[in-house]
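Trainee: fold the stuff below for me.
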Amino acid sequence: MRDEQTDQERLASELDQRVAERTRELAETNEELQLQVGLLQHLPVSAWTLKPDGTPDFVNQVWLEFSGQTLDFVRSHPEAWMTAVHPEDRERASKAFWEGVRSGRGFAFETRSLRARDGTWRWHLSQAVVLRDPEGKVLRFVGTTTDIDDQKRAQEELRASEGRLRRVIDTIPTLAWCNRADGPNEFLSKSWHQYTGLSSEEAHGWGWQAAFHPEDLPPLMKSWQQLLVSGESGEIEARLRRHDGEYRWFLIRVAPFRDDTGTILRWYGTSTDIHDRKLADQALRASEHNLRQILDGIPGFVFVAKVSPAGQVDLPNQRFLDYFGRTLEEVNAWSTNDLVHPDDLPRVIAEVTHSFTTGAPYNNELRYRRADGVYRWFQVRILPERDADGRITRWYGLLTDIDDRKRAEDALNELRSELAHVARVSSLGALTASIAHEVNQPLTAIVSGASACLRILSADSPNIDGVREAARGLIRDSKRASEVILRLRALFAKKESPAENIDLNEAAREVIALCSGELQRNRVVLRQELANDLPPITGDRVQLQQVILNLLRNASDAMNGVEDRPRELVIRTEKEDGDCVRLTVQDTGVGIPSQDMERLFEAFYTTKSDGMGIGLSVSRSIIERHSGRLWAIPNNGPGATFLFSLPCKFDEVANSRTKG
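Mentor: Presented below is the predicted three-dimensional model:
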């Protein structure tokens, strides 16, 4: 009996100790809970605690002020606080609430709650965690209700913005897409799906790879991984399969989209069909290869130049490079090295720049340095190639070695000059002899008559009748001398001319052909602007060509000393009002002072050191015999312009003037 009593006492003592320990633990837990509740009161968000059955036993002041509820009201029923929840959200909120309470796992859900002070609904996130005792029994649910309305609206706006962006992307007339920051696809435009025939489910993530050519996919993925690492924009070309199975080349461009901190949020890209351009580029390369073969097969020095003011050679044939012994880079540095003769270089730079800037063909002579260091004369012709719209696409050049011909022509210029000098001397001598012969006879008679008068008057009884007769003879012989002078003047005045129908353009071209060699030797660039609809004129073809030749040679001579600009000569024909035609010769020479304009047409007046002053005087007389007019005007810039105007039917004009 004693032993049984001892065991009971021992068990009672142990039970008391356990009760005491449990009481102490509960007290500590309760104290801790009270401390936590105190902390919840000071949180800047709505905070609360629930009993294990879901009944609120604490709600901080933030929620009470927001909802306008009282603590007693909230504690009155587990769902009392839900009266502040939007009616459309209550069923969903109640379900989530009770599932979390009864399962002991807690909960989290979003609802719209009514703010008491202004009657507005704002989105809130309500979430609770479980507090358990050491044995795992639920003691409380501790939770918060956080205002997420601004965040929610921002998310909704973001979704709406993304929706608008997708609609915009779908309207872009190219294939567009959006990938996530780590690489997989998030969105593909409608046009992309239509083109490839892949659905959104098939192409989403990494499924889009199936649309690319197997040979292009590895380099494409390698480039994509490099861009993901670098975070830079990029582009690559690859073949994309169309819905009918045909692969076409596309240019794929991608760029990162970053937030304010620089973090990549998405990648946006486009895929542009370049298949036709790709084929055109391939055809162009093949064409250029064929062009090079053709150029290398030409037995001459030819090249193709780029469209640039400097005239950069793009494609010379091999003979060109071998002859000059230069690389392409050295050829293109012609304006700074010794490829062009130093004496020709300033002129060539100005002429080439003018030609390549204005689009005018280039045709001139200059000296090039051969590979062995010898300078030789070349004729350089460069013509532009134009597209259907008239734009210059490239230039083609031909170099012709004319050094031997140049030396022969120089020896022939010299000979011609001597012959011209002899001809001028002979003409002057013949003219002098003619004048002396014609004038000498009446002068001799005048001297004889004057002597007879003196003899008669010196007699003791002068014969007045004889003196009178001698005086009549003097008058008669003086008239004879005057008539000789008049006949000589008639050589340069109006006289009957054989009339014929003349195409002034054709007559001008014949003269140009005769003097083209001389113009080239003088480095004159001749530009013809001959009207297409020019009516014929009537007159002496040879005399009119003599006038044109004289004007062209005078213009060429006026530019002999010009070195700072192109020696440009323009010959132009045009129709005038009043049934007349006009021919104009314009140069860029030294010009003529305005006070000398009319004196130029006086006989024996000249501005040349070796001139005779006859050409322009004779030319004006020829034009006036054709009922026309010849005059000169200074240019706005350098040089002068000579013009003559002729009636289309000068006989009728002349007759009308005579009648008038």
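Trainee: residues in contact with residue 208?
Mentor: 177, 185, 188, 198 (CB atoms under 8 Å, 6 or more residues apart in numbering). Just so you know, the C-beta spots here come from the backbone N, C-alpha and C atoms, and that holds for glycine as well.
Trainee: can you tell me how far residue 641 is from residue 576?
Mentor: Look at residue 641 and residue 576: by CB to CB, to the nearest Å, they are 15 Å apart.
Trainee: which of these two has more neighbours?
Mentor: When residue 641 and residue 576 are compared for neighbours, residue 641 comes out ahead with 19 against 12, by other CB atoms under 10 Å.
Trainee: correct me, but that one touches residue 632?
Mentor: Yes. Residue 641 is within contact range of residue 632, at 6.8 Å (criterion: CB atoms under 8 Å).
Trainee: got the domain boundaries for the chain?
Mentor: According to automatic domain parsing, the chain comprises the domains 29-147, 153-273, 287-401, 407-490, 500-659.
Trainee: how about CSV for the ones you listed, with distance to residue 281 and mean pLDDT added?
Mentor: Below are those laid out as CSV (distance: least, CB to CB, whole Å; pLDDT from 0 to 100):
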stretch, distance to residue 281, mean pLDDT
domain 29-147, 57, 87
domain 153-273, 10, 87
domain 287-401, 10, 84
domain 407-490, 48, 62
domain 500-659, 38, 81
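Trainee: helix, strand, or coil at residue 337?
Mentor: Recorded secondary structure, residue 337: coil (DSSP: H, G, I helix; E, B strand; the rest coil).
Trainee: and it, how many neighbours does it have?
Mentor: Residues lying near residue 337 (other CB under 10 Å) number 13.
Trainee: where do the helices sit along the stretch 101-250 of the chain?
Mentor: Applying DSSP state H, counting those that start in this stretch to the stretch 101-250 of the chain gives helices spanning 149-171, 190-196, 200-203, 217-230.
Trainee: so which of the ones you listed is the most surrounded?
Mentor: helix 190-196 (a mean of 18; mean count of other CB atoms under 10 Å).
Trainee: I figured residue 568 was touching residue 588, is that so?
Mentor: Yes. Between residue 568 and residue 588 a contact is recorded at 5.0 Å, counting by CB under 8 Å.
Trainee: spit out the residues that contact those two alike.
Mentor: Listed contacts common to residue 568 and residue 588 are nil; contacts here mean CB under 8 Å, 6+ apart.
Trainee: circling back: can you list the domains of the chain in CSV and add distance to residue 280?
Mentor: As requested, the domains of the chain are exported to CSV (distance: least, CB to CB, whole Å):
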stretch, distance to residue 280
domain 29-147, 57
domain 153-273, 11
domain 287-401, 10
domain 407-490, 48
domain 500-659, 36
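Trainee: so which of these gets nearest residue 279?
Mentor: Evaluated over the domains of the chain, closeness to residue 279 peaks at domain 153-273, with 8.2 Å, by CB to CB.
Trainee: now the end-to-end length of the closest one.
Mentor: End-to-end distance for domain 153-273, by CA to CA, to the nearest Å: 39 Å.
Trainee: run through the bridge partners of residue 381.
Mentor: Taking DSSP bridges, one obtains residue 363, residue 398 as the residues bridged to residue 381.
Trainee: how close does it sit to residue 406?
Mentor: From residue 381 over to residue 406 (counting by CB to CB), the distance is 16 Å.
Trainee: which of these two has more residues huddled nearby?
Mentor: Applying other CB under 10 Å to residue 381 and residue 406 shows that residue 406 carries more neighbours, namely 18 against 15.
Trainee: quick check: closest non-adjacent residue to that one.
Mentor: residue 377 (4.2 Å; CB to CB, 6 or more residues apart in numbering).
Trainee: run through the bridge partners of the one you found.
Mentor: On DSSP bridges, the residues paired with residue 377 through beta bridges are residue 367.
Trainee: am I right that it is in contact with residue 364?
Mentor: No. Contact criterion CB under 8 Å: residue 377 and residue 364 do not qualify, at 10.9 Å.
Trainee: ok, residue 316 - contacts?
Mentor: 295, 301, 302, 303, 304, 328, 331.
Trainee: ok, residue 75 next?
Mentor: 55, 56, 57.
Trainee: separation between it and residue 58?
Mentor: For residue 75, the distance to residue 58 - CB to CB - is 9 Å.
Trainee: what about the strands in the stretch 201-350 of the chain?
Mentor: Using DSSP state E, counting those that start in this stretch, the strands of the stretch 201-350 of the chain run over 234-241, 247-258, 264-273, 301-305, 313-316.
Trainee: out of those strands, nearest to residue 455?
Mentor: Closest of those to residue 455 is strand 301-305, at 87.3 Å (criterion: CB to CB).
Trainee: which residues sit against that closest one?
Mentor: Outside of strand 301-305, the residues within contact range by CB under 8 Å, 6+ apart are 291, 295, 311-317, 319-320, 323, 356, 378, 382, 394-401.
Trainee: what subset of those is buried?
Mentor: Taking 16 or more other CB atoms under 10 Å as the criterion, what is buried in the contacts of strand 301-305 is 295, 311-313, 315-317, 319-320, 323, 356, 378, 382, 395, 397-399, 401.
Trainee: follow-up on the earlier one: ok, of the contacts of residue 316, which one's closest to residue 194?
Mentor: Looking across the contacts of residue 316 and measuring by CB to CB, the closest to residue 194 is residue 304, at 43.6 Å.
Trainee: burial of that closest one, as a residue count?
Mentor: Residue 304, neighbours per other CB under 10 Å, totals 18.
Trainee: what about the helices in the stretch 351-500 of the chain?
Mentor: Using DSSP H, counting those that start in this stretch, helices in the stretch 351-500 of the chain cover 403-458, 464-490.
Trainee: quick check: end-to-end length of stretch 99-111?
Mentor: With CA to CA as the measure, stretch 99-111 spans 16 Å from end to end.
Trainee: what residues does it touch?
Mentor: If you take CB under 8 Å, 6+ apart as the criterion, stretch 99-111 is touched by 50, 52-54, 78, 85-86, 89-90, 92-93, 96-97, 123-130, 138, 141, 143, 148, 152.
Trainee: now it: buried residues?
Mentor: Of all the residues in stretch 99-111, those buried under the rule 16+ other CB under 10 Å are 100, 101, 106, 107, 109, 110, 111.
Trainee: export those to TSV and tack on distance to residue 572?
Mentor: As requested, the buried residues of stretch 99-111 are exported to TSV (distance: CB to CB, whole Å):
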residue	distance to residue 572
100	100
101	105
106	100
107	98
109	93
110	88
111	92
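Trainee: farthest pair in those residues?
Mentor: Within these, 101 and 110 form the most distant pair, 17.8 Å apart (CB to CB).
Trainee: how far off centre is stretch 339-358?
Mentor: In terms of CA atoms, centre = their mean, to the nearest Å, the centre of stretch 339-358 is found 24 Å from the chain centre.
Trainee: can you check stretch 406-415 too?
Mentor: Offset of stretch 406-415 from its chain centre (CA atoms, centre = their mean): 47 Å.
Trainee: enumerate the positions of it that are buried.
Mentor: Applying 16+ other CB under 10 Å to stretch 406-415 flags 406, 409 as buried.
Trainee: all numbers from here: first residue = 6
Mentor: Sounds good: first residue 6 from here, last item stretch 411-420.
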